[in-house]
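J.: build me a model:
(4 chains)
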There are 2 protein chains.
Amino acid sequence: MVTKALELVEAEGPDALTMRRLAAELDVTTTTIYWHVGSRDELITEIIRQQSEQLAARPIKGTTPRQRIMAAATHIWESAVEHRAITSLAHQSGASSLLQHPLEVALAAELEAAGLTGPAAALAQRSILATITGFLVLALRDEASIREDSRSTTLWASTEADLDRSTIDALAAPHDLPKLFEVTLQAVVDSQL
Amino acid sequence: MVTKALELVEAEGPDALTMRRLAAELDVTTTTIYWHVGSRDELITEIIRQQSEQLAARPIKGTTPRQRIMAAATHIWESAVEHRAITSLAHQSGASSLLQHPLEVALAAELEAAGLTGPAAALAQRSILATITGFLVLALRDEASIREDSRSTTLWASTEADLDRSTIDALAAPHDLPKLFEVTLQAVVDSQL
DNA sequence: TCTCGTTCTGTAACAGTGTGCAAGTAACAC
DNA sequence: GTGTTACTTGCACACTGTTACAGAACGAGA
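T.: Numbers count the residues shown, from 1 in each chain, chains lettered A, B, ... in the order given. Reported below is the predicted structural model:
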């Protein structure tokens, strides 16, 4: 049942997960779902818990601590993008911590391996995670569902600010998010080592 | 009318903005609202446009480019936190770019003043904005509305990972977000100068 | 004055959402 | 047989965004 719900979300996005829709998919009534899971919130928590377990930390490559920290952080980013629907769902429900926690543990371990413990490790961890979160928001944002005149590129294209032409053009152009992610993350990581 | 809607959102949060609620507040019928603004999406766009204008860039303090860039970036963060309800609304509707754009222009201007133009300026701009976004998500997250067992601190408190006790304790403790924001942002900014 | 078109508002409904309640069925224990 | 428990169903409530339709008000032209 939570498995079916997970499939539904992965296949058709977070908004497809309605109680009636899931019930139909399972050929039961909504009440049956409620008997089993309690509420929509608890269903979502269960989905995320299940997905979280499946998110067993892949082995981290790299020799230097710096490389390994980057790899652990990139893992979090990549698996979130890979399962974007679940990630969005978790974000909407405020359960992203729950989803990412196993991967966060792996990151913390690499930070310790780099010599950071206690408050210093926590600082680095949170700094890195906040950065990842920022890029996730950008990556998971569905550009297609955003009104054309609210898009960043459109806004810059029609901006008449007192800026260099080349700057405006560059801001109006699409950007290479993974590259941007790597550069920024590297800066954050290096500042903590 | 969009003014009233803006008040409603600021006072009671994004979820309070329903068509019927707004209609009642204005002592009219929902149909009237629809006639004037078209749809809920367009209403929200209007609200954000209005708020965006009011977000006229405050003067930026600081003498060195580094200081002024930090100030411009902190402005974006602070005004978003200050009007958290509108910010959440914009985020939900994918219109955050629209809301922040005037402040982004100010940031871009400071980057140019620091000698960055074209693609280099765009790179720095986006790197900084992504970082701000990440911290905004954390700042606007309503901890009270999150199930206790999904909270990050709770998760770390009950973690049995192979980590130093002091590290786990530090991760389970609450954190000073503004301080964390400053440290991280500084690292990102410095990496681009 | 009468009519026509435009602008605005209200009534009532549609389709969809999460959720709660009373009743029912089937299996198992005594 | 009689319970008791696990599970299911049907139906309703309160809420959401949205819209088809019926008017009211009002100024322009005949």
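J.: can you pull the pLDDT of the nearest residue to A:Leu26 once chain neighbours are set aside?
T.: Spatial nearest neighbour of A:Leu26, chain neighbours left out: A:Lys4 (5.8 Å); criterion: Cβ to Cβ, 6 or more residues apart in numbering or on different chains. Quick note: C-beta positions are derived from backbone N, CA and C, even for glycine. Predicted confidence (pLDDT) for A:Lys4: 94.
J.: what do you get for A:Leu55?
T.: For A:Leu55, the predicted pLDDT is 86.
J.: for the most centrally placed residue in chain A, give its distance to A:Arg165.
T.: Note on chain A: the residue nearest the mean C-alpha position is A:Ala80, at 4.1 Å, using Cα atoms, centre = their mean. Remark: distance between A:Ala80 and A:Arg165 (Cβ to Cβ, to the nearest Å) = 36 Å.
J.: A:Leu140 now?
T.: Taken as Cβ to Cβ, the span from A:Leu140 to A:Arg165 is 32 Å.
J.: so those two - more neighbours on which side?
T.: The residue with more neighbours, out of A:Leu140 and A:Arg165, is A:Leu140; 14 against 9, by other Cβ atoms under 10 Å in any protein chain shown.
J.: low-confidence ranges in chain A?
T.: For chain A, applying pLDDT under 70 flags no range at all.
J.: how about the residues of chain A near DNA strand D?
T.: Counting by Cβ under 7 Å from any atom of the strand, the residues of chain A close to DNA strand D are A:Asp27, A:Val28, A:Thr29, A:Thr30, A:Thr31, A:Thr32, A:Trp35, A:His36.
J.: helix, strand, or coil at the second one?
T.: At A:Val28 the chain is in coil, as set by DSSP: H, G, I helix; E, B strand; the rest coil.
J.: around it, how many other residues sit close by?
T.: By the other Cβ under 10 Å criterion, the neighbourhood of A:Val28 contains 14 residues.
J.: one more: the first one?
T.: Neighbourhood size, A:Asp27 [other Cβ under 10 Å]: 7.
J.: what's near enough to touch it?
T.: For A:Asp27, no contacting residues are found, by Cβ atoms under 8 Å, 6 or more residues apart in numbering or on different chains.
J.: how close does it get to B:Glu148?
T.: For A:Asp27, the distance to B:Glu148 - Cβ to Cβ - is 34 Å.
J.: equivalent analysis for the last one, please.
T.: For A:His36, the distance to B:Glu148 (Cβ to Cβ) stands at 22 Å.
J.: tell me which of these two has more neighbours.
T.: A count of neighbours by other Cβ under 10 Å puts A:His36 above the other of A:His36 and B:Glu148, at 13 against 8.
J.: buried ones in stretch A:113-131?
T.: The neighbour-count check on stretch A:113-131 (16 or more other Cβ atoms under 10 Å in any protein chain shown) flags A:114, A:116-118, A:121-131 as buried.
J.: in three-state terms, label the residue nearest to the centre of chain A for me.
T.: Assignment for A:Ala80 (three-state DSSP): helix.
J.: okay, it and A:Gln51: tell me how far apart.
T.: Going from A:Ala80 to A:Gln51 by Cβ to Cβ gives 11 Å.
J.: give me the distance between the helix or strand A:Ala121 falls within and the centre of its chain.
T.: Element membership for A:Ala121, per DSSP states H and E: helix A:118-140. How far helix A:118-140 lies from its chain's middle: 11 Å, per Cα atoms, centre = their mean, to the nearest Å.
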